[in-house]
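J.: What shape does this take:
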Amino acid sequence: MNVDAAVAAVAAIAGLCTGVFAMLAFRWSERDQAKPTRTSLHTEAVLPPGVDTVLSVLRSSAVVLDEADAVVKASSAAYALGLVRGGKLAVEPMMQMARDTRRDGEIRQVELDLPRRGTGRGEALAVSARVAPLGSRLVLLLVEDLTEARRIEAVRRDFVANVSHELKTPVGALSLLSEAVMDASDDPEAVERFAGRMQNEATRLTNLVQELIDLSRVQNDNPLEDAEPVRVDELVAEAMDRCRQQAGAKQITMAVGGAAELHVWGNRGQLAAALGNLVENAVNYSPARTRVGIAGRRVSAPGGDLIEIAVTDQGIGISEKDRDRVFERFYRVDPARSRATGGTGLGLAIVKHVAASHGGEVTVWSAEGQGSTFTLRLPEAGAVRDRERPADPSAEGLDDEDRPYETFNDPLPAHPAPEVLP
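T.: Numbering: from 1, shown residues only. Predicted coordinates:
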């Protein structure tokens with residue numbers, strides 16, 4: 001009996017100990033779960049209240065570093081720029097700035113050029129980095145991308161320099177010619193000759209100023225605010241009338257085809273100026289007794305039908321290295337020839353901006369010694385086409401017999417037809 005009682009007492013004591021140990025283990029487990037992890041310390045406990053929300057709405061790339069230079073918080077823009085990799089700040093100059101600021105508490109700012117992430121090109125990413133202390137342990141790094149701002153500033157400087165140069169040339173010529181007229185006051189023939197050259201320079205200056213105004217207008221205005229359906233054949237006729245005199249002087253034949261029954265949507269004045277620039281360039285850069293062709297057609301596109309207007313010439317052509325730059329402002333393939341033709345180097349830049357602002361584009365095909373084809377693609381005014389399609393071509397009043405210009409199907413066999421341009 002005594003043995004049984006002893007065994008029972010031992011069992012009771014063992015059960016009591018097991019219960020106590022189980023309760024203590026449960027309490028310890030709860031305490032461990034309540035302890036903040038390192039991640040939670042970094043994202044919640046370490047960051048001052050509200051900082052996380054503020055960083056999420058900043059336009060600049062934001063990175064928060066702790067006392068061990070580990071990244072506590074980083075915005076998605078910081079990852080996109082390649083500033084943070086593997087939980088570490090990947091830009092050593094910025095890391096050094098953060099350490100210096102943590103040491104003395106001073107705010108620092110610097111501009112850096114960083115390699116573009118994911119590209120093999122040598123282009124640099126221009127950024128402005130600003131480091132400031134955030135509390136007693138953290139450092140805040142704000143990085144702003146200045147690449148686009150620098151590009152715009154470079155374009156502005158180039159534009160101002162080019163405009164100054166282009167304006168200086170005719171103004172200087174007018175000054176010299178006026179002095180020549182004064183010195184030759186007793187020679188009527190010399191006065192007449194110098195006066196003619198002064199008139200040419202004045203015309204060139206007027207054209208330059210007008211094209212600068214046109215370029216500024218197409219860059220700043222929204223042409224679709226005053227958009228309307230515009231007939232392509234009317235644009236073509238206006239463009240041809242604009243340079244008919246120059247074409248006649250060089251015995252250049254202008255031919256047109258496929259423009260009837262086509263409509264585009266946009267600002268009539270800007271579209272007429274763009275097409276007029278293309279036709280005028282074709283005439284100016286074509287040899288005598290050649291042909292300039294203007295062809296229109298409708299092409300299917302995923303976002304809706306487009307109207308293509310191709311202007312083809314048999315001129316000097318454009319080399320491959322110049323082909324991508326012909327739409328830049330003031331860029332000339334042959335500066336000497338542009339002086340002779342009175343070109344300002346702004347015509348194709350205006351065409352490019354007009355096409356882009358109307359939701360279209362302009363492309364060029366060219367071969368040296370064979371000529372060029374500039375193709376203007378614009379959205380079609382589809383509703384107008386469906387509503388106004390005539391049952392009889394004569395209803396348009398543009399029968400082939402009545403056209404003031406030659407019609408054609410393939411105006412320049414030496415070129416690829418517009419529909420097969422690369």
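J.: Looks to me like Arg103 is in a strand.
T.: No - assigned with DSSP: H, G, I helix; E, B strand; the rest coil, Arg103 falls outside any strand and is helix.
J.: Distance check, it against Thr373.
T.: Using C-beta to C-beta, to the nearest Å, Arg103 is found at 65 Å from Thr373. All C-beta atoms are positioned from the backbone trio N, CA, C, and that covers glycine.
J.: now Val63
T.: Distance from Val63 to Thr373, by C-beta to C-beta: 52 Å.
J.: With Ala184 instead?
T.: From Ala184 to Thr373 the distance is 47 Å (C-beta to C-beta).
J.: cool, and Gly266?
T.: From Gly266 over to Thr373 (counting by C-beta to C-beta), the distance is 22 Å.
J.: And for Lys168?
T.: Computed with C-beta to C-beta, the distance linking Lys168 and Thr373 is 35 Å.
J.: And the helices in this protein?
T.: 2-34, 38-40, 51-57, 76-80, 92-104, 147-183, 188-220, 232-242, 244-249, 268-284, 320-323, 335-341, 347-357, 382-388 (DSSP state H).
J.: Format the ones you listed as JSON lines; extra columns: mean pLDDT, mean neighbour count and distance to Val292.
T.: Output for these, formatted as JSON lines (pLDDT from 0 to 100; neighbours: other C-beta atoms under 10 Å; distance: least, C-beta to C-beta, whole Å):
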{"stretch": "helix 2-34", "mean pLDDT": "56", "mean neighbour count": "9", "distance to Val292": "83"}
{"stretch": "helix 38-40", "mean pLDDT": "40", "mean neighbour count": "10", "distance to Val292": "71"}
{"stretch": "helix 51-57", "mean pLDDT": "74", "mean neighbour count": "13", "distance to Val292": "57"}
{"stretch": "helix 76-80", "mean pLDDT": "84", "mean neighbour count": "15", "distance to Val292": "49"}
{"stretch": "helix 92-104", "mean pLDDT": "90", "mean neighbour count": "16", "distance to Val292": "58"}
{"stretch": "helix 147-183", "mean pLDDT": "80", "mean neighbour count": "13", "distance to Val292": "26"}
{"stretch": "helix 188-220", "mean pLDDT": "80", "mean neighbour count": "15", "distance to Val292": "20"}
{"stretch": "helix 232-242", "mean pLDDT": "92", "mean neighbour count": "21", "distance to Val292": "9"}
{"stretch": "helix 244-249", "mean pLDDT": "89", "mean neighbour count": "14", "distance to Val292": "7"}
{"stretch": "helix 268-284", "mean pLDDT": "90", "mean neighbour count": "23", "distance to Val292": "5"}
{"stretch": "helix 320-323", "mean pLDDT": "80", "mean neighbour count": "12", "distance to Val292": "19"}
{"stretch": "helix 335-341", "mean pLDDT": "50", "mean neighbour count": "12", "distance to Val292": "14"}
{"stretch": "helix 347-357", "mean pLDDT": "87", "mean neighbour count": "22", "distance to Val292": "15"}
{"stretch": "helix 382-388", "mean pLDDT": "47", "mean neighbour count": "13", "distance to Val292": "27"}
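J.: Quick one, which of those gets closest to Arg130.
T.: For these, proximity to Arg130 was assessed by C-beta to C-beta; helix 92-104 is nearest, at 8.9 Å.
J.: Alpha carbons only: can I get that closest one in CSV?
T.: C-alpha atoms of helix 92-104 as CSV (Å, rounded to 0.1, in the frame of the first residue of the first chain):
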residue,chain,number,x,y,z
GLU,A,92,29.5,54.7,-53.9
PRO,A,93,29.6,58.5,-54.0
MET,A,94,26.1,58.6,-52.6
MET,A,95,27.1,56.1,-49.9
GLN,A,96,30.0,58.3,-48.9
MET,A,97,27.8,61.3,-48.7
ALA,A,98,25.4,59.4,-46.4
ARG,A,99,28.3,58.4,-44.1
ASP,A,100,29.5,62.0,-43.9
THR,A,101,26.1,63.3,-43.2
ARG,A,102,25.5,60.7,-40.5
ARG,A,103,28.8,61.7,-38.9
ASP,A,104,28.3,65.5,-38.8
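J.: Mind giving me the packing neighbours of that helix?
T.: Applying 3 or more C-beta pairs under 8 Å, 6 or more residues apart in numbering; DSSP states H and E, we find helix 92-104 packed against strand 108-115, strand 124-134, strand 138-145.
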